[in-house]
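[1] let me see the structure of the following:
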Amino acid sequence: MVASARSSVSMLEALDRARPRFTDLLRAVDDPTRPAIGIWTIRDVAAHVATNWEAYGEFLAGRGPRLDDIFDHPQAMDEMAKAEPEQDVRVLADRIDAATTAWIDAARELDPNQRVPWYTGDSIPITVRVLAAFQLGDFLLHGYDVARAEGRPWKLPKDEAALVL
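    Predicted coordinates:
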């Protein structure tokens, strides 16, 4: 369990390091209407990450949005991003900062192998550690999407990418 707890701490530390890189990038965006990935603009990416973090906080509390079928996940993420009324990526960055900090604080109190509900409820077992990896991946990959759309550099730290994998 010592190695397990240590890797969880590393994951939470990685999230805490990746968060400001991502949110600072959002705050520096010149044009949030630029296409970022697929049909999503930079603003849509920011809305996706913000609403995801807020949902992930709910999952740690044993509740949160549910999908009837895991194959509905991409469409649900698109609908959540498009339904988000906030248009200012700086405000979304503030929400991401707050939700990430709250999530990390709550996750520190839990066993990293504790199963928690996810969009699929209990049908697919998800642990606190896996939720953290999903979110770290969102920071890394969507940071790349935003940076590329803005013509800015974006680094994928090897240690953080390894944690996601």
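[2] residue closest to the middle of this protein?
    Gln135 (3.4 Å; C-alpha atoms, centre = their mean).
[3] surely Asp145 meets Gly38?
    No. Assessed by C-beta atoms under 8 Å, Asp145 is found out of contact with Gly38, at 9.2 Å. C-betas here are computed from N, CA, C, even on glycine.
[4] comparing the two, which residue is more hemmed in?
    Under the neighbour definition other C-beta atoms under 10 Å, Asp145 and Gly38 were set side by side, and Asp145 has more, 18 against 10.
[5] quick one: what helix or strand has that one in it?
    Using DSSP states H and E, Asp145 sits within helix 128-150.
[6] buried residues, that helix. List them.
    For helix 128-150, burial by neighbour count (16 or more other C-beta atoms under 10 Å) applies to 128-133, 135-147, 149-150.
[7] go through the helix or strand harbouring Thr101 and flag the buried ones.
    Here Thr101 sits within helix 89-108, counting by DSSP H and E. Of all the residues in helix 89-108, those buried under the rule 16+ other C-beta under 10 Å are 89, 92-97, 99-100, 103-104, 107.
[8] from those, which is closest to Val49?
    Ranked by distance to Val49 (C-beta to C-beta), those are led by Ile96 at 5.7 Å.
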